[in-house]
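**Q** structure for this input, please:
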Amino acid sequence: MLSNTQEKIDLSVVIIAKNEEEIIGDCIQSVLTALECAKETEIIKTYEVILSDSASTDRTIEIAKRYPIKILQLDSSWPLSCGAGVHIGLLSAKGRYTCIVDGDMTLDKNWFVCADKYMEMEDVGCLRGITKEYMSINSKLHQNLIKYWNQEILEKHFTDKTSILSDLYKEIKNATENRIQCFSCGTLHLKTEIAKKTGGYNPYLIAAEDTEMQRQIVDARYKCLWIPCLMGTHYVAGKTGRVTLLQDFKTMFRNSKGIGQAARYSFTNKKTFRYYLDYCFINKHFIKMDLIISISISLVILNWILLLHINFISALIFDLFVFIILIIRQVKKRANVNFYFFNLLYGMLFVMVRQFGFLCGFIKVPIDPMCYPKNP
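**A** Residues are numbered from 1 along each chain as shown. Sure thing, here's the model as predicted:
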């Protein structure tokens, strides 16, 4: 049962959506189930669910109206972005805590129960959990995403000895080794007052709005914990689960553009600006891939010079020599050669898309978030 707006609310859930008719019904139902579970265990007494919709043109609103929730819809003439929907939703949230849920995910019924003991800590401003990425594992791209996303989760979430003993750790480790399931970080679970006090969400960010919100909370000297709890399941490619290379790079470009925008907004804050700069330029992975890209371009130029100024046979011998060296190196490491070359190409494209997206976002002129409309 939803609380009356006159009452003090324990927990607000803000669902952000745009054209999510395929998943939105399951999403809302999973949220209501998790809230009732929390209520039964006396974690909360009252709650509200807010759908913040960015001018959907499909059946998202029609489906959402079947459920006892509050619906806010942004006008189609407004600047629409990932940040806009969650910005409007948070402004309307009345709960002591606010959980942000993407419209293309379902919430685990035990999330609020698991998160509660962490949220009760005085110095904690927000939490991130773990989500399962729903994918049909049928390509090298999927295997690549499993490898890198799962490794990031294991490195960031499971840093203490007690976590390593958890069932979730074992599940993710097994999924990583056998390439059977992909995981990523969940969206933010916030202390509402702290989130609003630190500036809230920037409605003009095309993406990475949760990353900026997290940085604001950390800059205000609160902790943002990565906890070893399952938040839910993210349908990254709908119910088919088939992620394409084009879709992956489009999402990557959009997220990087959002990071670039956030960097531009924080240009005067050296610490925060350095954080965003590291995200796309100054870290070991990107420096390594930038070096590989530079060497690859140099080899292409050298090959072109051999072909143009000496002869075709010399250029071919040079190509074969480089190729054989790479093959021998992988055989010695007992690696899958086909997967190695896919990873190499993917990694090069990944870095170029990330850095180009960052630059596109960084040159975008910032707009004061206070100028955004507030009457959905």
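**Q** residue ranges in the stretch 251-376 of the chain under the pLDDT threshold?
**A** 315, 318, 323, 326, 329-337 (pLDDT under 70).
**Q** if I look at Glu122, how far off is His189?
**A** According to CB to CB, to the nearest Å, Glu122 and His189 sit 16 Å apart. Yep, even glycine has a C-beta here, placed from its N, CA and C like the rest.
**Q** pick out whichever of these two has more residues nearby.
**A** His189 (28 against 7; other CB atoms under 10 Å).
**Q** shouldn't that one be within a strand?
**A** Yes - the assignment for His189 is a strand, going by DSSP: H, G, I helix; E, B strand; the rest coil.
**Q** quick one: contacts for Ser56?
**A** Neighbouring residues of Ser56 by CB atoms under 8 Å, 6 or more residues apart in numbering: 17-21, 73.
**Q** could you list every helix and strand in contact with the helix or strand hosting Ile297?
**A** Using DSSP states H and E, Ile297 sits within helix 284-309. Packing partners of helix 284-309 (3 or more CB pairs under 8 Å, 6 or more residues apart in numbering; DSSP states H and E): helix 312-332, helix 337-362.
**Q** return the most buried member of those helices.
**A** Counting by mean count of other CB atoms under 10 Å, helix 337-362 has the highest mean neighbour count of the helices and strands packed on helix 284-309, with a mean of 17.
**Q** roughly how far is that helix from the heart of the chain?
**A** Averaging C-alpha positions (CA atoms, centre = their mean, to the nearest Å) puts helix 337-362 17 Å from its chain's average.
**Q** and that helix with helix 284-309, angle?
**A** 110 degrees (axes from the mean of the first three to the mean of the last three CA atoms, to 10 degrees).
**Q** hmm, back to that, what is the nearest of the contacts of Ser56 to Ser256?
**A** Ser256 lies nearest to Lys18 out of the contacts of Ser56, by CB to CB, at 19.8 Å.
**Q** who's in contact with that closest one?
**A** Contact partners of Lys18, counting by CB under 8 Å, 6+ apart, are 53-56, 60, 80, 85, 103.
**Q** scan this protein for its longest strand.
**A** When the chain is parsed with DSSP state E, its longest strand is strand 223-234.
**Q** that one packs against which elements?
**A** strand 105-107, helix 111-119, strand 124-133, helix 140-157, helix 167-178, strand 182-191, helix 209-219.
**Q** circling back: ok, and the most crowded of the contacts of Lys18?
**A** Gly85 leads these on contacts (other CB under 10 Å) with 30 neighbours.
**Q** so that residue makes contact with Ala55?
**A** No - counting by CB atoms under 8 Å, Gly85 stays clear of Ala55, with 9.5 Å between them.
**Q** find the residues that touch each one of the two.
**A** 18, 74.
**Q** now the angle from the helix holding Ile297 to helix 140-157?
**A** With the same axes, to 10 degrees defining the directions, helix 284-309 sits at 150 degrees from helix 140-157.
**Q** now for the residue sitting nearest the centre point of the chain: which residues touch it?
**A** In the chain, the residue lying closest to the centroid (CA atoms, centre = their mean) is Cys185, at 6.5 Å. Shown in contact with Cys185 (CB under 8 Å, 6+ apart): 128-131, 152-153, 156-157, 226.
**Q** at 10 Å what do you get?
**A** Residues near Cys185 by CB atoms under 10 Å, 6 or more residues apart in numbering: 128-131, 149, 152-153, 156-157, 210, 226, 231, 234.
**Q** what residues does stretch 112-121 touch?
**A** 10-11, 13, 31, 34-44, 47, 96-97, 99, 108, 124-129, 168, 186, 189-191, 222-223, 225, 227-231.
**Q** still on that earlier bit, neighbour-wise, give me the winner out of the contacts of Cys185.
**A** Most surrounded of those: other CB under 10 Å gives Met231, at 28 neighbours.
**Q** look at that residue and report its pLDDT.
**A** Predicted confidence (pLDDT) for Met231: 96.
**Q** who's in contact with it?
**A** So Met231 contacts 34, 99, 101, 105-108, 110-111, 114-115, 127-132, 184-187, 189 (CB under 10 Å, 6+ apart).
**Q** can I get the buried part of those residues as one PyMOL selection?
**A** Under the burial definition 16 or more other CB atoms under 10 Å, those of those that qualify are selected in PyMOL by:
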select buried, resi 34+99+101+105+106+107+108+111+114+115+127+128+129+130+131+132+184+185+186+187+189
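**Q** how many neighbours does the spatially closest residue to Ile44 that is not a sequence neighbour have?
**A** Closest residue to Ile44 apart from its sequence neighbours, by CB to CB, 6 or more residues apart in numbering: Asp10 at 3.9 Å. Neighbourhood size, Asp10 [other CB under 10 Å]: 20.
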